[in-house]
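Visitor: 3D model of this:
(one chain, ligands or ions: 3)
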Amino acid sequence: MNLNRRQCLQLGGSLLLTHCALRPVSPSPYDYVLTAAPTGISLIPGTTTPAWAYNGQFPGPTLRVRQNRPVRILVENRLPEPTTVHWHGIRLNNAADGVPGLTQEPIPPGGDFVYEFTCPDAGTFWYHPHINSVEQLGRGLVGLLIVEEEQPVQFHADLSLVLKDWTLHPDGSFAPFTSHRAAARVGTLGNHATVNGSPTQTLAVPAGGRVRLRIANLDNTRLFNIGADFPGRVIAVEGNPLAEPVPLTRHPLGSGMRVDLELQIPEQPGKLHILDRKGRFDFPLCELNITHAKLPPLPAPRLPMNPIAPLDLPNAVRIPLVFEWEGALSPTTADGQVDPVFWTINKRAWTDHSHMHLPEPLAKLKLGGTYVFELYNATQHHHPIHLHGYTFTVLWSDQRTITPYHTDTILLEKNERAHVGIVADNPGDWMFHCHVIEHMATGLMGYIRVT
Ligand code: C2O
Ligand code: CU
Ligand code: CU
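Guide: Ligands and ions are numbered 1, 2, ... in the order given. Sure thing, here's the model as predicted:
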């Protein structure tokens with residue numbers, strides 16, 4: 001007999017009640033509960049940083065869900081201000097996308113919200129608020145969302161690295177998260193780097209093992225160039241497997257971007273390193289300590305492709321989207337503050353703090369049509385450009401040879417032109433913005449409407 005508590009209560013009767021009493025408390029109706037709250041964490045020894053965190057920990061708990069299976073997540077807001085949670089990279093229903101003023105009302109302090117969605121794609125994704133983002137992400141509200149393949153793909157180990165820097169005073173308190181000067185340029189770089197929440201990170205890896213390493217850049221600003229001091233292969237980018245894995249040399253990872261590596265660990269004991277390659281210099285991000293292990297033989301892992309609809313290119317509608325630098329301090333807000341706007345998309349700016357004043361969409365798309373966005377970065381800075389609710393196919397760039405691949409974010413170099421395509425198969429209003437959070441907060445943001 002397998003009754004839930006309500007059925008038991010409805011059926012009544014002493015026999016059934018006895019049966020129920022033997023059962024543990026009824027299962028939670030939620031797969032996960034995320035509580036966002038102020039949490040002191042220790043980043044500089046001997047000091048406390050007044051972080052905001054999910055479930056009292058940084059990074060937030062890694063949520064593991066199964067591809068194609070519905071999930072329900074209760075979010076409790078115990079912050080002193082409104083929040084939301086956005087599930088970055090998931091092709092979900094619009095109502096669960098977590099954008100205040102566009103897909104939901106903000107969750108007020110003390111309030112709760114239930115997110116219900118299904119993840120059609122397996123891979124490495126993440127979650128974060130979508131309101132007052134410079135500060136809420138800056139204070140630590142980020143975590144990984146791992147979607148496991150419907151048919152499990154086995155590795156000897158499945159490890160992850162969450163990269164995030166912090167802007168701290170020596171006493172552990174926060175330095176300003178932004179300045180007009182930085183927001184108008186590359187953004188504010190942190191002065192205290194962490195990997196999985198600590199200044200240094202060592203992971204044990206099994207000798208002779210095949211390891212999946214998921215690396216997520218959850219920093220507001222920084223660009224990493226991921227490398228290693230031993231051979232590895234890139235098997236997925238932004239959660240999406242590559243049709244053909246490529247050797248890892250120097251993989252650029254802008255804000256919000258992820259890469260999955262397949263590492264073949266040597267048999268001999270020793271130490272390996274995952275690196276950030278800046279110019280001619282390599283900085284270790286993580287040490288891998290090879291430990292002796294008795295490993296079961298595994299078939300060579302191969303990630304199945306995610307079910308992204310193929311583009312109908314001959315009939316595609318082309319939409320130019322141009323990113324520009326504005327350099328204007330305008331307009332003045334109602335309370336007399338300067339509203340800094342530095343960046344535009346197609347000559348229009350929309351800022352994080354004005355989510356409540358909905359502008360017209362950047363483009364209106366018809367459900368089912370194929371669209372190619374012709375992106376042009378007419379600025380002197382790089383921008384990781386991200387679209388919600390979709391996985392686009394990168395088709396062409398004027399600066400690199402492209403083997404078409406799927407992603408939710410494309411890192412545009414200065415002056416780069418690139419073409420990316422989608423089949424408009426997910427109805428709703430979907431954010432389109434730069435993931436350098438200060439750029440998004442000062443204009444580099446808009447949305448597309450699919451009906
Ligand atoms: Cu991580 Cu609007 O996105
Ligand atoms: Cu997103
Ligand atoms: Cu940008």
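
Visitor: I figured residue 359 hits residue 446, correct?
Guide: Yes: between residue 359 and residue 446 there is a contact under C-beta atoms under 8 Å: 7.4 Å. All C-beta atoms are positioned from the backbone trio N, CA, C, and that covers glycine.

Visitor: can you check which residues contact both of these two?
Guide: Jointly contacting residue 359 and residue 446 under the rule C-beta atoms under 8 Å, 6 or more residues apart in numbering are 348, 350.

Visitor: so the two - more neighbours on which side?
Guide: Applying other C-beta atoms under 10 Å to residue 359 and residue 446 shows that residue 446 carries more neighbours, namely 21 against 12.

Visitor: is ligand 1 contacted by the one helix or strand the more buried one maps to?
Guide: Assigning secondary structure by DSSP states H and E places residue 446 in strand 445-450. No: Strand 445-450 does not reach ligand 1 (C-beta under 6 Å from any ligand atom); its nearest approach is 8.1 Å.

Visitor: please list the residues of the stretch 351-451 of the chain that sit near ligand 3.
Guide: 383, 434, 436, 439 (C-beta under 5 Å from the ion).

Visitor: residue 69: which of those residues is nearest?
Guide: The nearest member of those to residue 69, counting by C-beta to C-beta, is residue 434 at 32.2 Å.

Visitor: quick check on the closest one: phi, psi?
Guide: Per-residue torsions, residue 434: phi -80, psi 140 (degrees, to the nearest 10).

Visitor: what bridges to it?
Guide: For residue 434, the beta-bridge partners are residue 385 (DSSP bridges).

Visitor: so, low pLDDT: which residues of the stretch 351-451 of the chain?
Guide: 352-356 (pLDDT under 70).

Visitor: try 90
Guide: Within the stretch 351-451 of the chain, the segments meeting pLDDT under 90 span 351-359, 442-443.

Visitor: repeat for the stretch 51-200 of the chain
Guide: Short version for the stretch 51-200 of the chain, where the test is pLDDT under 90: 180-181, 184, 200.

Visitor: pairing partners for the helix or strand hosting residue 36, with directions?
Guide: According to DSSP H and E, residue 36 maps onto strand 32-41. Next to strand 32-41 in the sheet, as set by DSSP bridges, lie strand 49-54 (antiparallel), strand 70-77 (parallel).

Visitor: want to try JSON lines for those strands, with mean neighbour count and distance to residue 317 as columns?
Guide: Below are the strands paired with strand 32-41 laid out as JSON lines (neighbours: other C-beta atoms under 10 Å; distance: least, C-beta to C-beta, whole Å):
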{"stretch": "strand 49-54", "mean neighbour count": "22", "distance to residue 317": "40"}
{"stretch": "strand 70-77", "mean neighbour count": "18", "distance to residue 317": "33"}
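
Visitor: in a markdown table: those, plus distance to ligand 3.
Guide: Output for the strands paired with strand 32-41, formatted as a markdown table (distance: least, C-beta to the ion, whole Å):
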| stretch | distance to ligand 3 |
| --- | --- |
| strand 49-54 | 23 |
| strand 70-77 | 27 |
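
Visitor: and the contacts of stretch 287-301?
Guide: Stretch 287-301 is contacted from outside by 153-156, 200-210, 212, 262-263, 265-266, 268-274, using C-beta under 8 Å, 6+ apart.

Visitor: next: stretch 117-125.
Guide: 65, 67-71, 87-93, 96, 144-150, 160, 214, 216, 236, 238-241, 258, 260, 303-304, 306-308, 391.

Visitor: in strands only, show me these.
Guide: By the criterion of DSSP state E, membership of the contacts of stretch 117-125 in strands covers 65, 70-71, 87-88, 144-148, 160, 214, 216, 236, 240-241, 258, 260.

Visitor: OK, contacts around the residue in the stretch 201-350 of the chain that ligand 2 sits nearest to?
Guide: Closest residue of the stretch 201-350 of the chain to ligand 2, C-beta to the ion: residue 256 (7.2 Å). The contact partners of residue 256, by C-beta under 8 Å, 6+ apart, come to 88, 126, 217, 218, 384, 386, 409, 435.

Visitor: and the most centrally placed residue in the chain, which helix or strand is it part of?
Guide: Centroid-nearest residue in the chain, with C-alpha atoms, centre = their mean: residue 126, separated by 3.8 Å. Per DSSP H and E, residue 126 falls inside strand 123-128.

Visitor: quick one: whatever helix or strand comes next after that strand to chain centroid distance?
Guide: Next in sequence after strand 123-128, counting helices and strands by DSSP H and E, comes helix 133-138. Remark: helix 133-138 is offset 14 Å from the chain centroid, using C-alpha atoms, centre = their mean, to the nearest Å.

Visitor: and for helix 133-138, what's in contact with it?
Guide: Under the criterion C-beta under 8 Å, 6+ apart, residues 52, 79, 83, 128-129, 166-167, 174, 177-178, 218, 220, 352, 437-438, 440-441 lie in contact with helix 133-138.

Visitor: residues from the protein in reach of ligand 1?
Guide: Selection of the chain residues close to ligand 1 by C-beta under 6 Å from any ligand atom yields 86, 88, 128, 130, 256, 386, 388, 431, 433, 435.

Visitor: 8 Å instead?
Guide: Within the chain, the positions adjacent to ligand 1 are 86, 88-89, 99, 126, 128, 130, 256, 386, 388, 431, 433, 435, 440 by C-beta under 8 Å from any ligand atom.

Visitor: would you pull up the residue in the stretch 1-150 of the chain closest to ligand 1?
Guide: Distances between the stretch 1-150 of the chain and ligand 1 by C-beta to the nearest ligand atom are smallest at residue 88, namely 3.6 Å.

Visitor: my guess is that residue contacts residue 391, does it?
Guide: No: counting by C-beta under 8 Å, residue 391 is not a contact partner of residue 88; they are 11.7 Å apart.

Visitor: please enumerate the shared neighbours of the two.
Guide: Taking C-beta under 8 Å, 6+ apart as the contact rule, residue 88 and residue 391 both touch residue 408.
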